[in-house]
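In: A structural model of the following input is requested.
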Amino acid sequence: MRWQGRRGSSNIEDRRRMGGGGGRIGGGRGIAVGGAGGLGLLAIVLVGMFLGVDLTPLLDDGSAGRTGPAAPISAEDERLAQMVSVTLADTEEVWADIFRQDLGLPYEPVTLVLFRGATRSACGAASLQTGPFYCPADRRVYLDTEFFAVMERRLGAGGDFAAAYVVAHEVGHYVQDELGILAESRRGRQQGADSAAVRVELQADCFAGIWAHHADARWGILEPGDVEEAMNAAARIGDDALQRQGGGVVRPETFTHGTSEQRQRWFWRGYEAGDIAACDTFRARTL
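Out: Numbers count the residues shown, from 1 in each chain. Presented below is the predicted three-dimensional model:
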């Protein structure tokens, strides 16, 4: 992915040097997007990291509650933070154009919070265990850049473009919030293969594909193998793949994000079309 030497976003809130203030940070007023269904204790860590739900109360090794000074920021962490900033800047321009040209609406960029260890959000705990998420209550995306290393080590989903796909997916949830889709979706079922929760997540994948389409057309960001990185990441974090990796059986009635095949297909659909109309998962008869 070609991102070096390009403009970063001014909408980054960098908390990485503020210290790890303990993972069990309660008092949340909202619900982070998205959630996860019961997969059994063997899958707790994987689900917590890759589905964006705080499962730290179920972990008993004591790591969730640790406090202490912030770990030093490594050169790789700084590189990833810069990549995230450039990706966020690209999403700002892409979505501002789409909102103005296609929807006749202004686009107010989302704030992305970078942190290490743990921090507070209006939706409760933000930690490595929660994974990246969008919090509607404070309209921020939360991301620990260590998550990208975990993606590579634990799931074999490495690469800058795989990381950028994660950022674009979370920004996609903010776009849904701006358009009133998140609020409407909460009236539907939040679990199951055809639930509102799955449709929300697949649409965010499609929106990530739209970003990739326009970012490449405008800045030539894609290198050989980049799209494959995103497709691989989408496959690795499908509900069915995570359930298998967690040692359990595949239970469609517990799905919250969609299967590997669905996540790949909806990302690809957005990437090919570059059009928000192609991402209407709520009217789709077949997901």
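In: All the helices of the protein, residue numbers only.
Out: Along the chain, counting by DSSP state H, helices occupy 44-51, 75-98, 146-155, 160-178, 181-185, 196-219, 226-236, 239-245, 260-273.
In: a markdown table please, covering the ones you listed and showing mean neighbour count, mean pLDDT and distance to residue 118.
Out: C-beta here means a position set from N, CA and C on the backbone, and glycine is covered the same way. Output for the helices of the chain, formatted as a markdown table (neighbours: other CB atoms under 10 Å; pLDDT from 0 to 100; distance: least, CB to CB, whole Å):
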| stretch | mean neighbour count | mean pLDDT | distance to residue 118 |
| --- | --- | --- | --- |
| helix 44-51 | 23 | 43 | 13 |
| helix 75-98 | 20 | 97 | 16 |
| helix 146-155 | 18 | 90 | 11 |
| helix 160-178 | 25 | 96 | 18 |
| helix 181-185 | 17 | 90 | 25 |
| helix 196-219 | 24 | 96 | 24 |
| helix 226-236 | 22 | 92 | 24 |
| helix 239-245 | 21 | 88 | 23 |
| helix 260-273 | 21 | 96 | 27 |
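In: closest to residue 5 out of the ones you listed?
Out: Taking CB to CB, helix 75-98 is the member of the helices of the chain nearest to residue 5, at 9.0 Å.
In: phi, psi of the nearest residue to residue 138 once chain neighbours are set aside?
Out: Ranked by CB to CB, 6 or more residues apart in numbering and with sequence neighbours excluded, the top spatial neighbour of residue 138 is residue 122, at 3.8 Å. Phi and psi for residue 122, reported as degrees, to the nearest 10, are phi -70, psi -10.
In: between the helices of the chain, which gets nearest to residue 105?
Out: It is, among those and with distance given as CB to CB, helix 160-178, at 8.0 Å.
In: I'd like to know which elements that closest one is packed against.
Out: The helices and strands touching helix 160-178, judged by 3 or more CB pairs under 8 Å, 6 or more residues apart in numbering; DSSP states H and E, are helix 75-98, strand 133-135, strand 140-144, helix 146-155, helix 181-185, helix 196-219, helix 226-236.
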